[in-house]
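Trainee: generate coordinates for the sequence data below:
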Amino acid sequence: MKKRVTIKPRKDIREIEKSIDDWVNTPIEKGQEQEVSSLSIQEKESTKKMTIIIPSHLHRRIKKHCAVYETSMREKIIELLEEAFRE
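Mentor: Prediction:
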């Protein structure tokens with residue numbers, strides 16, 4: 001008796017990047033927002049809200065990076081700010 005194993009071809013990286021780009025560029029409809037996980041440090045400290053205006057291409061790159069690494073944009077930006085402004 002022969003055993004058969006089907007090996008699926010690997011997805012092309014361009015196909016993966018296109019699906020991520022499509023997801024990033026799809027506008028969120030009202031009521032479709034996802035809850036963002038909060039950092040445990042933030043739960044213990046008081047927080048402030050900060051709004052910044054950035055170029056669209058940079059926003060897409062950040063969002064794409066965060067989608068690939070399964071992290072929120074908020075967490076990544078806080079991480080970068082903590083790194084840049086160490087005490």
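
Trainee: hey, let's count contacts and neighbours off CA atoms from now on
Mentor: Will do.

Trainee: just give me the residue closest to the centre of this structure.
Mentor: Nearest to the mean C-alpha position of the chain, counting by CA atoms, centre = their mean, stands Cys66 at 2.3 Å.

Trainee: buried residues in the helix or strand hosting that residue?
Mentor: Assigning secondary structure by DSSP states H and E places Cys66 in helix 56-68. Going by neighbour count (16 or more other CA atoms under 10 Å), the buried part of helix 56-68 is Ile62, Lys63, Lys64, His65, Cys66, Ala67.

Trainee: make a markdown table from those and add distance to Arg14 to it.
Mentor: Putting the buried residues of helix 56-68 into a markdown table (distance: CA to CA, whole Å) gives the following:
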| residue | distance to Arg14 |
| --- | --- |
| Ile62 | 18 |
| Lys63 | 17 |
| Lys64 | 13 |
| His65 | 15 |
| Cys66 | 17 |
| Ala67 | 15 |
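
Trainee: what are the ranges of the helices in this structure?
Mentor: Listed in chain order, the helices found in the chain under DSSP state H are 13-25, 40-44, 56-68, 73-84.

Trainee: could you tell me the least trusted of these?
Mentor: Summarising mean pLDDT across the helices of the chain, the least confident stretch is helix 40-44, with a mean of 55.

Trainee: sorry, back to before: and the helices of the chain as a markdown table, adding distance to Lys2?
Mentor: Conversion of these to a markdown table gives the following (distance: least, CA to CA, whole Å):
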| stretch | distance to Lys2 |
| --- | --- |
| helix 13-25 | 33 |
| helix 40-44 | 53 |
| helix 56-68 | 39 |
| helix 73-84 | 50 |
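
Trainee: of all those helices, which one is nearest Met50?
Mentor: helix 73-84 (10.9 Å; CA to CA).
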